[in-house]
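Undergrad: Following is a predicted model, sequence given first.
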Amino acid sequence: MKPLFNAPFASHGRRALLAAAVAATLATPWAAAQAQTAGGAAYPNKPVRIIVGFPAGTGPDIVARLLAQKLSEGWGNLGVIVDNKPGAGGLIAAGEAARAVPDGYTIMLGETGQLSIAPSSYNKLPYDPAKDFAAVSQVVTSDFVLLVNPQKVPARNVKEFVEWTQQQKGLFLATFGAGTPGHFGAFMFGDAVKLKPEPVHYKNTADALGGLFSGDVHGVFASVGLAAPQVKTGKLVALGATGATRTPTLPDVPTIKEQGYANLEFSSWFGIVAPAKTPPEIIARLNADILKAVQSPEGKAKMEEAGFRVTGTSQQEFSRIIAADTVTWGKAVAATGFKAD
């Protein structure tokens, strides 16, 4: 009996099949690491939604959009949608994310306030950070800077600001919402400089900056990413940064610790969490692909350009960070006696 294919054709066929397999792999850069869902389907095979609890243009939104772009590219341009759900300091978004179907197609870019501060600030939450979410990866950290309006405040460093505010009828600091890191950062600042601040809560960053420009408030602790454009154009002045070291985005701005206030250091972070019952293999896939996205030269450069320090952690490390910061911020909340409800 003659063979169905002669040897040269069989060899050519094998080469063609191999070439097709390689092409398919290259078409989806991260295809080799795809997870399998319970039904056997590869994950992801449709667009993924990232819920963000803050408006467009804010720090969390910027991080989510940069991450979404890199993830989508890695998944063969499958599509990653950033869904802004602002309100109540991110609690509305967190409540929705906690109730989402745990299939990996709805995740949340959470931040310090939602996951580590809220448990101490609220008697009742629409979610339980410890029980309703599975940590995936911390993505970035963000220092804050103390901003003032040079047209309203004559100070150009922290010491001058403290001396100036002592002559005023109070120290009024804007916040981007009750229960946020900037809110309790204002109290930390007050403790460090021996002044009692009066926090003025605004619904969003635009309103808070408006209060600063109008002179209704004396200053605000804003994230580096938000502050940098205002500082570089000269519209606002940064008196000091809250990190352990100077931020590369504003290298000429000294830390507040450098200026003699050794106990004042705080920052916030943003990271991806998923509904608690999301399959572990999908959590692992998300973690691996997030690390690839933020640690790639382009992804890292864009995050740093926006004013963030790229981290990218394991699932276990991010879970530990959330738990540890819940204790740390809980002490800060208790010291103020603040309760949002």
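TA: Alright, I've got the coordinates. Numbers count the residues shown, from 1 in each chain.
Undergrad: Just give me the neighbour total for residue 131.
TA: Number of residues near residue 131 (other C-beta atoms under 10 Å) recorded here: 8. The way it works is simple: take the backbone N, C-alpha and C, and place the C-beta from them, glycine included.
Undergrad: er, residue 44 I mean
TA: Residue 44, neighbours per other C-beta under 10 Å, totals 25.
Undergrad: right, and it touches residue 77 too?
TA: No: Residue 44 lies out of contact with residue 77 (C-beta atoms under 8 Å); the separation is 11.7 Å.
Undergrad: which neighbours do these two share?
TA: When contacts are counted by C-beta atoms under 8 Å, 6 or more residues apart in numbering, residue 44 and residue 77 have no shared neighbour.
Undergrad: residues contacting residue 202?
TA: By C-beta under 8 Å, 6+ apart, the neighbours of residue 202 are 174-177, 208, 210-211.
Undergrad: The same query, at a cut-off of 7 Å, please.
TA: 174-176, 208, 211 (C-beta atoms under 7 Å, 6 or more residues apart in numbering).
Undergrad: quick one: it from residue 115, how far?
TA: Using C-beta to C-beta, to the nearest Å, residue 202 is found at 22 Å from residue 115.
Undergrad: Could you do residue 66 as well?
TA: For residue 66, the distance to residue 115 (C-beta to C-beta) stands at 20 Å.
Undergrad: again, but for residue 326
TA: According to C-beta to C-beta, residue 326 stands 8 Å off from residue 115.
Undergrad: ok, for residue 211, nearest residue in space, not its chain neighbours?
TA: Nearest residue to residue 211, sequence neighbours excluded (C-beta to C-beta, 6 or more residues apart in numbering): residue 217, at 4.7 Å.
Undergrad: Tell me how many other residues crowd residue 243.
TA: Residues lying near residue 243 (other C-beta under 10 Å) number 20.
Undergrad: what's near enough to touch it?
TA: If a contact means C-beta under 7 Å, 6+ apart, then residue 243 has 143, 255, 265, 267 as its contacts.
Undergrad: returning to that earlier point: so for residue 326 and residue 115, which sits in the more crowded spot?
TA: residue 115 (27 against 18).
Undergrad: pretty sure that one belongs to a helix, no?
TA: Yes: counting by DSSP: H, G, I helix; E, B strand; the rest coil, residue 115 is part of a helix.
Undergrad: where exactly do the strands run in this protein?
TA: Applying DSSP state E to the chain gives strands spanning 35-36, 42-43, 48-52, 80-84, 106-111, 133-148, 171-175, 197-201, 219-223, 237-241, 267-275, 309-310.
Undergrad: give me every residue that touches the closest residue to residue 105 other than its chain neighbours.
TA: Sequence neighbours aside, residue 48 is the residue nearest to residue 105 in space, at 5.4 Å (criterion: C-beta to C-beta, 6+ apart). By C-beta under 7 Å, 6+ apart, the residues touching residue 48 are 80, 105, 107.
Undergrad: Helices of the stretch 51-200 of the chain, residue ranges please.
TA: 59-74, 91-99, 112, 118-121, 129-132, 158-166, 181-193 (DSSP state H, counting those that start in this stretch).
Undergrad: Ok, which of the ones you listed comes nearest residue 273?
TA: Checking these against residue 273 by C-beta to C-beta gives helix 91-99 as the closest, at 7.4 Å.
Undergrad: just to revisit the earlier point, any chance of TSV for the contacts of residue 243, columns distance to residue 299 and pLDDT?
TA: Shown next, in TSV, are the contacts of residue 243 (distance: C-beta to C-beta, whole Å; pLDDT from 0 to 100):
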residue	distance to residue 299	pLDDT
143	20	94
255	27	97
265	27	89
267	20	91
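Undergrad: Name all residues that make contact with the residue nearest to residue 291 when sequence neighbours are not counted.
TA: Among residues not flanking residue 291 along the chain, residue 312 sits closest, at 4.7 Å (C-beta to C-beta, 6+ apart). Counting by C-beta under 7 Å, 6+ apart, residue 312 makes contact with 137, 139, 290-291, 294-295.
Undergrad: one more time with 6 Å, if that's ok
TA: Residue 312 sits next to 291, 294-295 when contact means C-beta atoms under 6 Å, 6 or more residues apart in numbering.
Undergrad: Report the contact partners of residue 329.
TA: Residue 329 neighbours (C-beta under 6 Å, 6+ apart): 116-117.
Undergrad: Now render the contacts of residue 243 as CSV, adding distance to residue 123.
TA: Formatted as CSV, the contacts of residue 243 follow (distance: C-beta to C-beta, whole Å):
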residue, distance to residue 123
143, 30
255, 35
265, 29
267, 27
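Undergrad: By neighbours, which of these wins?
TA: When neighbours are counted by other C-beta under 10 Å, residue 143 leads the contacts of residue 243 with 27 neighbours.
Undergrad: Test my guess that it contacts residue 245.
TA: No: between residue 143 and residue 245 there is no contact under C-beta atoms under 6 Å: 8.9 Å.
Undergrad: Thank you kindly, that will do.
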